[in-house]
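Colleague: Sequence and predicted structure below; questions after.
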Amino acid sequence: MKTNTWKTFRRRSRLIWLILFTAIALTVSTAMLSKREAMVSEVLIDIDPLAKGGELLTKEEVRKLLDRKFPSKNQERLSKVPLQTLEEAVRAHPMVQEAEVYVDARNRVRVHIVQPEPLIRVIDQRGAGYYLDARGERIPLSRHFSPRIPVATGAIPAYRDSILNHPDHILAQLVEMGQRIEEDEFMQALVEQIDVHAGEIYLVPKMGKFRILMGDAKDLDKKFSRLKSFYRHILPAVGWSYYELVNLSFDKQIVCRKA
């Protein structure tokens, strides 16, 4: 009797679990179907600001991009909205680093955008202007916002893809220089412009009429350290207009040329 009772209990338990599982599956399926047939209630666009504030592109620009891909999305069922297509279109924008397009619990299509962080602004030898980020990626200039970053000018060749794979390329060196300036508060406050002449890198300070010859972007810790010593110990003694060039390209030396 006990064996039969146990077998009956097990059969009933399995049946109960099967019924519960079926009910849950039907509920989820019905909810998903209902969700897909619901209408889009709103389209919201969120753009993360740059680290120093500001936006390279506007929400209106993103809306126009979405409208070109799917103009009737506000009057459509969620099942008709090509989320992946919209996400790919947003990600392809040169002022977008990452993007996610999804539907939230309130039937709103949400677009979340992460912008690339401009490191330096480049004006090359042909007059072409653009930004470079820490990945060495080219970013077009924004029509409505200019981040406060150093401007690189002079004998800079045209942009090429994958510049960080070529560390001796002047653009790769400019990225390295821009990164190190960004990481150093003293250098951030000091540098107004980066100028390239005859393959060598010069820094133009915000104050003073002299230029600072860095040579290349190697051994920047040591070069920055010597430059800080120059500002602390030499400039106060001779004045801001005494020199026209401060040369840091020689190892362990500061070579200055009088104005």
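Modeller: Cool, the structure landed.
Colleague: Would you map the helices across the stretch 101-250 of the chain?
Modeller: Applying DSSP state H, counting those that start in this stretch to the stretch 101-250 of the chain gives helices spanning 170-183, 185-190, 220-229, 235-238.
Colleague: Dump those helices into TSV; add mean pLDDT and distance to residue 99 as well.
Modeller: Bear in mind the C-beta positions are built from the backbone N, C-alpha and C, glycine included. Below are the helices of the stretch 101-250 of the chain laid out as TSV (pLDDT from 0 to 100; distance: least, C-beta to C-beta, whole Å):
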stretch	mean pLDDT	distance to residue 99
helix 170-183	96	24
helix 185-190	95	29
helix 220-229	96	34
helix 235-238	92	47
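Colleague: Nearest to residue 200 among those helices would be which one?
Modeller: helix 170-183 (9.5 Å; C-beta to C-beta).
Colleague: Could you list every helix and strand in contact with the closest one?
Modeller: Contact here means 3 or more C-beta pairs under 8 Å, 6 or more residues apart in numbering; DSSP states H and E; on that basis helix 170-183 packs against strand 120-123, strand 129-132, helix 185-190, strand 191-197, strand 200-205, helix 220-229.
Colleague: Which positions in that helix come out as buried?
Modeller: Buried residues in helix 170-183, counting neighbours by 16 or more other C-beta atoms under 10 Å, are found at 170, 171, 172, 173, 174, 175, 176, 177, 178, 179, 181, 182.
Colleague: for stretch 248-259, same thing?
Modeller: 248, 249, 256.
Colleague: Adding distance to residue 50 and pLDDT, write the residues you listed out as a markdown table.
Modeller: Shown next, in a markdown table, are these (distance: C-beta to C-beta, whole Å; pLDDT from 0 to 100):
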| residue | distance to residue 50 | pLDDT |
| --- | --- | --- |
| 248 | 30 | 96 |
| 249 | 33 | 94 |
| 256 | 37 | 94 |
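Colleague: Excluding sequence neighbours, find me the nearest residue to residue 46.
Modeller: residue 112 (4.9 Å; C-beta to C-beta, 6 or more residues apart in numbering).
Colleague: Run through the bridge partners of the one you found.
Modeller: residue 46, residue 100 (DSSP bridges).
Colleague: and it, what is it in contact with?
Modeller: Residues near residue 112 by C-beta atoms under 8 Å, 6 or more residues apart in numbering: 46, 48, 99, 100, 101, 102.
Colleague: I'd like to know which of the helices of the stretch 101-250 of the chain lies nearest to residue 84.
Modeller: So among the helices of the stretch 101-250 of the chain, helix 170-183 is nearest, using C-beta to C-beta, at 32.3 Å.
Colleague: picking up where we left off before, in strands, which of the buried residues of stretch 248-259 fall?
Modeller: The strands, defined by DSSP state E, take in residue 256 from those.
Colleague: Please render the buried residues of stretch 248-259 as TSV that adds distance to residue 165 to the earlier fields.
Modeller: Converted to TSV, the buried residues of stretch 248-259 look like this (distance: C-beta to C-beta, whole Å):
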residue	distance to residue 165
248	27
249	25
256	36
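Colleague: can you pull out the strands in the stretch 1-150 of the chain?
Modeller: 42-48, 98-103, 108-114, 120-123, 129-132, 138-139 (DSSP state E, counting those that start in this stretch).
Colleague: Which phi and psi values does the residue nearest in space to the middle of the chain adopt?
Modeller: Nearest to the mean C-alpha position of the chain, by C-alpha atoms, centre = their mean, lies residue 116 at 1.7 Å. Dihedral pair for residue 116: phi -70, psi 150, per degrees, to the nearest 10.
Colleague: Per-residue pLDDT of residue 215, please?
Modeller: pLDDT for residue 215: 96.
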